[in-house]
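# got a predicted structure here, sequence first:
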Amino acid sequence: MTGSEQTRVDMHVKILSDEVVARAKRRGIDVLVYAPHFTRLPEIKRTAARYSDEELLVVPAREIFTGDWNNRRHLLAIGLSEPVADFITFEAAMAECERQAAAVAVPHPSFMNVSLTWAEIRAHADRIDCVETYNAKLLPHQRRRGQRIAADLDLPGFGSSYAHLPSTVGEAWTLFETDIDSEAALVEALETAAPRRVQHRAGIGHRARGLVEFSHLLYENSWKKVDRLLLSGDEPTHPRNLVYEGRFDDVSVY
């Protein structure tokens, strides 16, 4: 960790390995927020702890998929203490975040059919802690839309690499004007709208890595993946998985 009054946080990565950690450190990142798809919270926490050290803090988080596959709304929840299933109603997911006092961030706002729309963010602005204003995976006009939403609603922004590939880690980050040395400290910074700046790398390499990441969306939205996730019913974060003991049966959309 920095031990200073500034902390560079890559606010959303999907992968974690020795290679990812080494790249984050080379790029001056102090904190990684690790939120892999369709992985239960206890496993995320164990993996985050295993890769954290004095130089780099890995904070566990969940990108919760609310709604059905065709109209899903993603929420990035940081500070959860109990598991939350995917493919539950938006209201149920928000209620869980509030009950567990987790910070709520909006990733890739108004992007395709996987994000909260401008109108939805406005309707729930008092329950949202920040909106993504720079995502290294997105195209420039998509990033500008997030920036306009945050400005219009006077919500704090955040930046992330949204890395699904190791080479993208540390391409964008949020520079907090405070020392963040724990998950609780990050939650507090988000919930209190701590001063920050959204920053990113530049140049041809940055643009190329972003385009490679964007192309990865083809796999992320493939029918093969949908079929595996939704039809089996025993996937780790499926709301009717036995591990949840029926907690989400009433709010499941599948």
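All right, it came through fine. Residues are numbered from 1 along each chain as shown.
# low-confidence stretches in the stretch 151-254 of the chain?
218-234 (pLDDT under 70).
# could I get the full set of helices for it?
183-191, 204-215, 217-220, 223-230 (DSSP state H, counting those that start in this stretch).
# output the longest one as CSV, nothing but the C-alphas.
Coordinates of each C-alpha in helix 204-215 appear next as CSV, following Å, rounded to 0.1, in the frame of the first residue of the first chain:
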residue,chain,number,x,y,z
ILE,A,204,-2.0,3.7,-29.1
GLY,A,205,-1.4,0.9,-26.7
HIS,A,206,-4.2,2.0,-24.4
ARG,A,207,-6.6,2.2,-27.3
ALA,A,208,-5.6,-1.1,-28.7
ARG,A,209,-6.0,-2.9,-25.4
GLY,A,210,-9.4,-1.4,-25.0
LEU,A,211,-10.5,-2.6,-28.5
VAL,A,212,-9.3,-6.1,-27.7
GLU,A,213,-11.3,-6.0,-24.5
PHE,A,214,-14.4,-4.7,-26.4
SER,A,215,-14.1,-7.7,-28.8
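# now do the SS call for P109.
Three-state call for P109 (DSSP: H, G, I helix; E, B strand; the rest coil): coil.
# for it, give its distance to T178.
According to CB to CB, to the nearest Å, P109 stands 24 Å off from T178. Quick note: C-beta positions are derived from backbone N, CA and C, even for glycine.
# which one of those two is surrounded by more residues?
Between P109 and T178, counting by other CB atoms under 10 Å, P109 is the more crowded of the two (27 against 17).
# my guess is that one meets C130, correct?
No: the criterion here is CB atoms under 8 Å, and P109 misses it with C130 at 10.4 Å.
# quick check: neighbours shared by those two?
A150 (CB atoms under 8 Å, 6 or more residues apart in numbering).
# I am finished for the moment; much appreciated.
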